[in-house]
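In: fold the following.
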Amino acid sequence: MKLLKPSWVSHNGKPIFSVDIHPDGTKFATGGQGEDSGKVVIWNMAPVLREEDEKKENIPKMLCQMDNHLACVNCVRWSNNGLYLASGGDDKLVMVWKRAAFIGPSTVFGSSSKLANVEQWRCVTILRNHTGDVMDVAWSPHDVWLASCSVDNTIVIWNARKFPEIVASLKGHTGLVKGLTWDPVGKYIASQADDHSLKVWRTMDWQQETNITKPFNECGGTTHVLRLSWSPDGQYLVSAHAMNNSGPTAQIIERDGWKTNMDFVGHRKAVTVVKFNPKIFKKKQRNGSSPKPSCPYCCCAVGSKDRSLSVWLTSLKRPLVVIHDLFDKSIMDISWTLNGLGILVCSMDGTVAYLNFSQDELGDPLNEDEKNAIHQNIYGKSLAITTEAQLSTTIIENPEMLKYQQERQRAEQANHRMAHEAQAHKLTSVVNGESLEDIRKNLLKKQVETRTADGRRRITPLCIAQLDTGDFSPALFNSVPILPGSSSQLTSQLSSDSNTATSNLDPLSTPLGGKAPDDAKDGVSGAMAQASSLNTTAMKSNLLLTSSTKMEPMKALDSRFTERSKVMPGVTISSMAGLTPLDRVKDSSTLKDLKDETSSDSEDKMAVVKSLSFTKRKALDVDGGDNHVEKRKTLDMDGGDNQVEKRKKGRPRKMDTKMMTSVSHQPLQQATPSSEKEPCYATAVPVAVLKLPTPTPQKAFTLQVSLEPPVYLEVENEVSVVSGAKLSQLRCSMEGREWDTLLPSRVITAAGSSDVVAVACADRMLSVFSACGRRLLPSILLSAPMSALHCSGFYVMALTACATLSVWDVQKQSAVVKNESLQTILSGTECTVSQSLLTQQGVPVIGLSNGKSYCFNSSLETWNLIADKQDSLVQCADFKNCISSQDAPVSQGPLALMQGRNLNAGRLASRLSSTPHHLQHGMTLAFLENQLASALTLRSSTEYHYWLLIYARFLVTEGSDYRLRELCKDLLGPVHKSAGSAWEPTTLGLRKRDLLRELLPVIGQNLRFQRLFTEYQDQLELLGNK
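Out: Down below sits the predicted model:
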C-alpha cells in the first residue's frame, strides 16, 4: 500500500467536505468552503498517480474551479456515465455541471493569472426545492434519477432525464437527513438522519420499506455528515455513526430481513463516512497453486471523527489496514477509483490523502459479466413483490402443476451447469493471435488514394470496425458482435446515429480471423452464406465483446454495423440503401450517369450470377464547393472479394453543385420529365411527385428467383429488330424444364416465384406468366416506370418510380393493394426507400433508410410500423430468460428480416441488470406486444407462434395476472356457441385452443397462477377437441 498527501490539492486552507473520482479515473472533484462562497474544484488525477507527472510544469494540476454556489458545498458526485457532476450546498441548491466546449483558458474570478481553467464546466441546471442546506446527493444506477437530501428532513428524487422534474419527495425523517445511498440493483434507496434512524425506501412506489433505529438509540452528539454505503453485490448496507456497548461502530445491515447482527468496531469516535469499493473481489491465486473455489467478497473503507481511516474486507474478521492520525480534523468523504485499487479521502482540515493498494493486498476484481452473474443469481431478472420465499410455502393443489414445477427445477439446474461451462470462454481482445489495434493499423495502411481529373485527392473509404467498446451503453446492442473464426463478412453498411442517412463504404475484404467465402458455386450467394453464419453463431454465448477501460463512458458508437438481410425462400428483397435520389433532372446525360441498384441485381436479393459479368463498382462523384462526396455501391455477388474501383475512361462525370446537399440526405425530390432516347423516360410523369430510383437498363442479366424449386431467369435485350421494334427475350429454367418468350420492349427488371414470373419493360408495361410460360394477364400499364418488382406465390408487387405501390393476386385476378402512395410514410422524413419485400401471404413491406419498416395492412388500409432500428424499446427489452432452447429460431420470417440484428438486443440486454426493474419490465412488455401485433399484421404464423410463447413466459415470470388472464380468455373463446359471437377459432391458420394447450405448461411453472392453470385446464378438458 502507498500513501500520498498531495499538498497542492487545497481550498486555500478552508475545509474540504466532499471528494469524488471521475468514473474514467482521469480527474476528481472536491467541494467545500471558498473565500466567501461555496467552491467546487476539478483536479487532474495524473499528478496524484505518478510522481513524474507531478513534477512536470506543463501538466496542469487544477482543471477548473467553479464558485457559483452562494454558500459552502457539502457534496459533489459524478454521474455514472461521467458526463455530469452534481453538487449540493448550504445555499439550498443542487447544481448539475457539464463540460462545455473549450474556448481558451479563462482565469478564476479574483485570482492571479496562474490559476487558469484548463477545462470549461458550466452549470446546466439548478435544482430548487429544498428549504434547508443540501447535505448529500447521489445518482441512481444508470443515472435515471438523482437524489438529494437536506436539513429540511426530506429527500427529493429528481428525474435525471428531464431536469428539473421531481419524481418524488420522501418525507418521514424527523431530523436532518445527512446521507444517501442507492441499492446497486436499483430497487431501494437508503437514507440516514440525525433522528437516530436509517430508512430504506422502495423505488417501485417510493414508499418506506423499513425503518432501523436500534443501533442508533445510544448515539449522542452529532456529526457533520452521515455518509452510508451499499455493498456492490447489494447484500449489505453499512451505516455511519452507530453505537454498540457505548462504543462507536459502523452498523452492517443485511438485505435479507434487514438484520443488524454485525458491525465494524474499533474507531474511538463517531463514524462519519463509509464507502464500499465498487468492485467485488476473489482471492488471488498463488503462482503454481491449483485454483480453489473461493467466495467473492467486498471491500469497505470507514472514516471517523477520530481522524483515522480503516479498510475492511468482508472475508476477514479484522481490518486490512488502519491509518491513525491521517488528518488534523474529522474525515468528511471517501471515494474509490473505478478499478478498485485507489482511494481518495478528504478532511475538514482542508487536505486530501490518496491510498494505492495492490491486487496482492485486495485480491482479483471480478469483471462486469461475473458481477452481473452474481446479481442475477441473487436477485434474478424478476424483482416482483412476490418473493420466492413466500412462494416456497404455497401448497400445490394440482398434480399437473407439480409436474411442471419439477420440470422447471430440472431446467434451472441444467441452465446452471451450462452457465458454469460458458464462464470458461473468457472475453479476449485478441483474434487469431493478432491484437485488434494491430488489425486497425494494418487496415489504415491499406487505404487507396486516387486523383480525379481536376487533380483533387480522394481516399477510398474503408470500413473499420468499432473494436473497443468499453462501456455497456445501449449503443452497444446495435453493433454486430465480431465472432472469432466465423466465416462471416463484416458488412459494408454503416448507419450513423447523428444522421440517419445510410452510406455504402467498401467492405473489409475478409472477416477478422476468418476467410472470405469462396465464389458461390452451389447457387447460394456470398450474402446468403454470410447471413446464415451470422444468425447461427449469434445464438451462441461466446460473443467476442472487447472491453477497454480508457474509453469515454456512455459515448455512443458513431458507426454501427447493420446486418445484411437473410435470404428467405418465397420472399424477394431488394435493397436500395444509399441510392442517390434524383434532384431536378437537368439533361439526359445526367440521367444516364445516375445508375442505381435494382431489385434484380441487389446483393440482398436471392440473386446468383450465372455466366454474365456485372459491373463491380459504380462511382458517383459530386464536385462543388470545398466538400466532396463520393458514394459507392457494391455488388458483392462473388462472395465479397475486395474489388478496386474501376473508372470509366473519358472526362469525369459532374453534376450541378446544387445536388451536393441532396446526395446523402434529401430523399425524394420533385422530378421533371426529360426527353430520352428510350420511351421509358419519355413518359408523362407528374411534375411534383415523389421520385424513387429506377433500375439501370442492361443489355442482359441473369437471376435466380426461387430456391425451392430452383428457378432461373435470363433476360437478353435487343436480340433482334423487327420492322423498327427492338425485341427482348426472356428465358426461364425450372427443374430441367425451359421456356422462353419475346417481348416488344426492353426488359428493365424481372421477378418470379415457383408459381409466377413477372417482367417489367421500359414502356411501363408489366407482363405476368405462369410457371410454364403461359401468359396469365394482358400487359398491365403502370402509372410510372418500375422501381422494384417482387413475386411471392401467386402475388405480384410493383413499386413505381413515383412511389406508388400495387399488389395483385394473379390466381384470383384481384387487387390486394391498389395504387397506394408511399407519401404517408415518406412525408416529413429525410429518407428514401432502402428495402422492399413481399411476404408469402401477399403483405407488402417497405424499409426506409432511417431504419423504420412499414407494412401495408390491406384490411385496415393503413401503413403499420413493424420495425425501427433506433427503437429504444428494442435496445432495453430483456426477454433473454424467456427464450427456450426448444424454440425454433425465426430468422427466416419477414419480421426477423426487417429487424435484422436488433433481435439480438434483448439477449445482450442482461448487461443492464441494474436498470430500474419496473422500467425494464415496461419496456420489455411493450416490445413483446409490438412483436406479437406485427407478426399478426404480417400474417407470419411461425413468428406469431414464436413471440406468443415468449410473451406468455414473460407474463408468467413477471406475474402479470390481468394480461395473462386476458390472453387465455381470447385463446379459449366462448364455451357455448352463440350467434352474436365474433370470436374466430383460428388465427393465421393456427387453432387458438391448441395454442392455449401449449401455454398451459408455461403457466404451470409459476405457483402464483395455479388457480388460473386449473381453471383453463378444466375448460379445455370439457371442450375436448372442439
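
In: what sits against His224?
Out: 17, 178, 272, 330, 332, 348 (C-beta atoms under 8 Å, 6 or more residues apart in numbering). Every residue, glycine included, has its C-beta placed from N, CA and C.

In: quick one: low-confidence ranges for this protein?
Out: Scanning the chain with the threshold set as pLDDT under 70 gives 102-116, 285-293, 381-395, 397, 419-455, 457-689, 888-889, 901-916, 979, 1025-1026.

In: which one of the contacts of His224 is nearest Phe927?
Out: Of all the contacts of His224, Lys178 has the smallest distance to Phe927: 41.3 Å, by C-beta to C-beta.

In: OK, contacts around the residue nearest to that closest one when sequence neighbours are not counted?
Out: Among residues not flanking Lys178 along the chain, Leu226 sits closest, at 4.0 Å (C-beta to C-beta, 6 or more residues apart in numbering). Neighbouring residues of Leu226 by C-beta under 8 Å, 6+ apart: 178-179, 192-194, 239-241, 272.

In: what's the most distant pair in those?
Out: The span of those, defined through C-beta to C-beta, is set by Ala193 and Thr272 at 14.2 Å.

In: can you tell me the element Pro1001 falls in?
Out: Taking DSSP states H and E as the definition, Pro1001 sits inside helix 992-1003.

In: that helix packs against which elements?
Out: helix 399-422, helix 941-958, helix 961-972, helix 1010-1023 (3 or more C-beta pairs under 8 Å, 6 or more residues apart in numbering; DSSP states H and E).

In: counting by contacts, list what whichever strand or helix holds Gly31 packs against.
Out: Using DSSP H and E, Gly31 sits in strand 27-33. The contact analysis (3+ C-beta pairs under 8 Å, 6+ apart) places strand 27-33 against strand 16-21, strand 38-44, strand 73-78, strand 84-89, strand 342-347.

In: show me the contact partners of the last one.
Out: Read that as strand 342-347. Here strand 342-347 has contacts from 15-19, 21, 25, 28, 30, 32, 48-49, 275, 301, 303, 307, 309, 311, 326-337, 352-357, using C-beta under 8 Å, 6+ apart.

In: repeat that with 7 Å
Out: Strand 342-347 is contacted by residues 16, 18-19, 21, 28, 30, 301, 303, 309, 326-327, 329-336, 352-356 when judged by C-beta atoms under 7 Å, 6 or more residues apart in numbering.

In: between the following helix or strand past it and strand 342-347, how many degrees?
Out: Next helix or strand after strand 342-347 toward the C-terminus (DSSP H and E): strand 352-356. Relative orientation of strand 352-356 versus strand 342-347 (axes from the mean of the first three to the mean of the last three C-alpha atoms, to 10 degrees): 160 degrees.

In: and the next helix-or-strand element following strand 352-356, C-alpha only, in CSV?
Out: Using DSSP H and E, the helix or strand that follows strand 352-356 in sequence is helix 359-362. The C-alpha coordinates for helix 359-362 follow below in CSV (Å, rounded to 0.1, in the frame of the first residue of the first chain):
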residue,chain,number,x,y,z
GLN,A,359,-4.1,-6.7,-6.2
ASP,A,360,-2.0,-8.8,-3.8
GLU,A,361,-3.5,-6.9,-0.9
LEU,A,362,-7.1,-6.7,-2.0
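
In: can I assume Thr30 is in contact with Lys14?
Out: No. Judged on C-beta atoms under 7 Å, Thr30 makes no contact with Lys14 at a distance of 10.7 Å.

In: adding mean neighbour count and distance to Asp961, write the helices and strands packed on strand 27-33 out as JSON lines.
Out: Output for the helices and strands packed on strand 27-33, formatted as JSON lines (neighbours: other C-beta atoms under 10 Å; distance: least, C-beta to C-beta, whole Å):
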{"stretch": "strand 16-21", "mean neighbour count": "25", "distance to Asp961": "43"}
{"stretch": "strand 38-44", "mean neighbour count": "24", "distance to Asp961": "49"}
{"stretch": "strand 73-78", "mean neighbour count": "27", "distance to Asp961": "39"}
{"stretch": "strand 84-89", "mean neighbour count": "26", "distance to Asp961": "39"}
{"stretch": "strand 342-347", "mean neighbour count": "24", "distance to Asp961": "48"}
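
In: export these as CSV, with columns for distance to Leu777.
Out: Formatted as CSV, these follow (distance: least, C-beta to C-beta, whole Å):
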stretch, distance to Leu777
strand 16-21, 74
strand 38-44, 74
strand 73-78, 69
strand 84-89, 64
strand 342-347, 77
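
In: hmm, Val185 is touching His375, no?
Out: Yes. Using C-beta under 7 Å, Val185 is in contact with His375, at 6.0 Å.

In: mutual contacts of these two, please.
Out: Common neighbours of Val185 and His375 (C-beta under 7 Å, 6+ apart) are Gly234.

In: if we can go back for a sec, max pairwise distance over the contacts of His224: which two?
Out: Taking C-beta to C-beta, no two of these sit farther apart than Lys178 and Met348, at 14.4 Å.

In: tell me which of these two has more neighbours.
Out: Lys178 (28 against 22; other C-beta atoms under 10 Å).

In: any idea how far Val225 is from that one?
Out: 5 Å (C-beta to C-beta, to the nearest Å).

In: between these two, which contacts overlap?
Out: Taking C-beta under 7 Å, 6+ apart as the contact rule, Lys178 and Val225 both touch 135-136.

In: tell me where the stretch 801-950 of the chain has strands.
Out: With DSSP state E, counting those that start in this stretch as the criterion, the stretch 801-950 of the chain has strands at 804-809, 814-821, 833-838, 844-848, 852-857, 862-868.

In: same question, the stretch 1-150 of the chain
Out: Under DSSP E, counting those that start in this stretch, the stretch 1-150 of the chain gives strands at 2-4, 16-21, 27-33, 38-44, 62-66, 73-78, 84-89, 93-100, 106-107, 116-117, 120-128, 134-139, 145-150.

In: of all those strands, which one comes closest to Ile396?
Out: Across the strands of the stretch 1-150 of the chain, Ile396 has its closest neighbour in strand 145-150 (40.1 Å, C-beta to C-beta).

In: who does the following helix or strand past the closest one pair up with?
Out: The helix or strand immediately downstream of strand 145-150 is strand 154-159, counting by DSSP H and E. Strand pairing for strand 154-159, using DSSP bridges, gives strand 145-150 (antiparallel), strand 166-171 (antiparallel).

In: now those as a markdown table including distance to Asp755 and mean neighbour count?
Out: Converted to a markdown table, those look like this (distance: least, C-beta to C-beta, whole Å; neighbours: other C-beta atoms under 10 Å):
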| stretch | distance to Asp755 | mean neighbour count |
| --- | --- | --- |
| strand 145-150 | 58 | 25 |
| strand 166-171 | 58 | 15 |
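
In: any chance of those strands in a markdown table, plus distance to Gly851?
Out: Conversion of the strands paired with strand 154-159 to a markdown table gives the following (distance: least, C-beta to C-beta, whole Å):
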| stretch | distance to Gly851 |
| --- | --- |
| strand 145-150 | 29 |
| strand 166-171 | 31 |
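
In: and Leu362, which of the ones you listed is closest to it?
Out: With C-beta to C-beta as the criterion, Leu362 lies closest to strand 145-150 of the strands paired with strand 154-159, at 28.9 Å.

In: buried residues in the longest strand that the chain contains?
Out: Counting residues, the longest strand in the chain under DSSP state E turns out to be strand 711-722. If you call a residue buried by 16 or more other C-beta atoms under 10 Å, then strand 711-722 has these buried ones: 711-717.
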